[in-house]
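> Sharing a sequence plus its predicted fold:
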Amino acid sequence: MKFEKIKVFLVDDNALYLKTLELEFLQHSDFTIETFATGELCLQRLSEDPDVIILDYYLNSVDSNAMDGMETLDKIKKIKPNIPVVMLSVAADKIGTALEFMKHKASDYTVKNNTAFSRLQKILSSIFPRKNNGKEIALVYGNEKMPFQLSVVSC
């Protein structure tokens, strides 16, 4: 049985962090990745039906008039309520921020730090069990793709 890759939209205004996250996903997992520097750019492509969106909370360093992550989250949920959105934030370790994400219907969140990718892998494995509607997450070991399974301790 052939599986489709999971389509991930990564949205972050920090170009270096965005590229690093993209490379982590492409190096360690089997995904189709689209990257966006603003929420507006992500929303313009929402009709492409990503399987999941990873969205930064602060999105105004490229354009000070750009929507922030919460505004973008609200618009995504209004247009495509079933797309899981995982929030990234340096403030996500504060309970108030985390509760605000959940109130706005984020699927999950993680702190934007050096363990964010491991945490995102864990979150995505819970959103997409090994096989879900013909899609699966696979890690690449050498030249061989193996089903994605995590035994990561919570970050």
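Arrived safely, thanks for sending.

> tell me the phi and psi of the residue nearest the centre of the chain?
In the chain, the centroid-proximal residue (CA atoms, centre = their mean) is residue 54; its distance is 2.2 Å. When read as degrees, to the nearest 10, the backbone of residue 54 gives phi -110, psi 120.

> Could you give me the buried positions within the lengthiest helix in the chain?
Secondary structure of the chain read by DSSP state H shows that its longest helix is helix 15-28. Of all the residues in helix 15-28, those buried under the rule 16 or more other CB atoms under 10 Å are 18, 21-22, 24-25. Placement of C-beta: from N, CA and C, glycine included.

> Likewise for stretch 47-61?
The neighbour-count check on stretch 47-61 (16+ other CB under 10 Å) flags 50-59 as buried.

> hang on, the earlier thing: can you tell me which of the buried residues of helix 15-28 lies nearest to residue 42?
Distance ranking of the buried residues of helix 15-28 against residue 42, using CB to CB, places residue 18 first at 11.7 Å.

> I'd guessed the closest one sits against residue 24; true?
No - applying CB atoms under 8 Å, one finds residue 18 not in contact with residue 24, separated by 10.9 Å.

> Return the member of the buried residues of stretch 47-61 nearest to residue 13.
Proximity of these to residue 13 (CB to CB) peaks at residue 59, which lies at 4.9 Å.
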